[in-house]
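In: please work out how this folds:
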Amino acid sequence: MPHNQNKLLTIGQFAAIHQVNKKTLMWYDEVGLFKPAVVRENGYRYYTCQQSSVFETILMLRELNVSIADIKTFLCNRSADSFQTVLTEKTKEIDNAIQHLAQIKRALLHQTKALETLKNIDLSEYSITECPEQKLVLLKTSRELSLEQEAEMVFAEVHHHQAYRMYGILYGSLLPVASLYQRDFTNYCGVFLQVPEVENSVNTYLRPAGTYLRTYFQGSWDKLPQKYEEILDYVSRHQLTLQDYAYETGINEFTSSSMDDYITKIEIPIRTNP
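Out: Numbers count the residues shown, from 1 in each chain. This is a model prediction of the structure:
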């Protein structure tokens, strides 16, 4: 088909119009995705304005992560129905990606809120606070399990919440108050995860709303028994009665360089008189 020289665009001009690199056009030519309208004997490539709509479609599909092979197939079988099918599929993918990123954003905000408490923590402070009901993911454990086995349990459960990985997921341990009063500070019975917007499952556990004693401990876990002795002394002096479980939550694992810097939040329900 004859071509009018005045209507042809050089590869540089065509690339500039569509804001791409000339190498992109050369590569698309090499893989057989988008050919120039004319190739001179000297090897120079020329394009027409009529090719722009096809090229913009290719750029859009590439931006939507459609493979070169799939674009070739589409271009060879172009129709309103095939184009609608591609757009519908990609719209669903985008919606899923938006939902995924929104979940990650909420999880990061959850983590940020927890880390905000680090700025003003008084490690020697004890406070009595009202806590709302909290939905947790609870994994039962025992002192017979090693730390490695507990870690495997935790990450296996995290795997079920793939939208979060470890973004915004805080975790901790449950120690029965009955064991505290017996000075048995190693009888942990569960590991829990604070997963934003966790769905109900067999491992869902509702931490009851109520009045809690809250304090913090900085240091490695093997020194926690000393903190619990201090807590029991505080409880005795203030004539408080603990119940349920001690909820230990690590709040700075991602920012502490050693276990000596690790901060554990300890919250224990207090029995109140009717």
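In: now do the helices in the stretch 151-274 of the chain.
Out: Assigned by DSSP state H, counting those that start in this stretch, the helices in the stretch 151-274 of the chain fall at 177-181, 224-237.
In: I'd like those helices as CSV, with distance to Asp81, mean pLDDT and mean neighbour count appended.
Out: Backbone N, C-alpha and C define where each C-beta goes, glycine included. Formatted as CSV, the helices of the stretch 151-274 of the chain follow (distance: least, CB to CB, whole Å; pLDDT from 0 to 100; neighbours: other CB atoms under 10 Å):
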stretch, distance to Asp81, mean pLDDT, mean neighbour count
helix 177-181, 66, 96, 16
helix 224-237, 65, 96, 15
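In: and Leu145, what does it touch?
Out: Listed by CB atoms under 8 Å, 6 or more residues apart in numbering, the contact partners of Leu145 are Met153.
In: check the burial of the residue lying closest to Phe14 once chain neighbours are set aside by counting its neighbours.
Out: In space, and not counting its chain neighbours, Phe14 is closest to Tyr47: 4.0 Å by CB to CB, 6 or more residues apart in numbering. Using other CB atoms under 10 Å, Tyr47 is surrounded by 23 other residues.
In: I'd say Tyr47 and Pro36 touch.
Out: Yes: when contacts are counted by CB atoms under 8 Å, Tyr47 is listed as touching Pro36 (5.3 Å).
In: which secondary element of this structure has the worst mean pLDDT?
Out: Every helix and strand of the chain was ranked by mean pLDDT, DSSP states H and E. The lowest is helix 147-159, at a mean of 70.
In: hang on, the earlier thing: need the residues touching each of Tyr47 and Pro36.
Out: By CB under 8 Å, 6+ apart, the residues touching both Tyr47 and Pro36 are Ile11, Leu25.
In: pLDDT below threshold where in the stretch 51-200 of the chain?
Out: Scanning the stretch 51-200 of the chain with the threshold set as pLDDT under 70 gives 107, 110, 114, 147, 154-168, 196-200.
In: ok, Ile266 to Leu175 distance?
Out: 9 Å (CB to CB, to the nearest Å).
In: mutual contacts of these two, please.
Out: Both Ile266 and Leu175 are contacted by Ala246, Glu248, under the criterion CB under 8 Å, 6+ apart.
In: in the sheet, which strands lie alongside the longest strand along the chain, parallel or antiparallel?
Out: The longest strand of the chain (DSSP state E) is strand 210-218. Strands that pair with strand 210-218, judged by DSSP bridges, come out as strand 127-131 (antiparallel), strand 263-269 (antiparallel).
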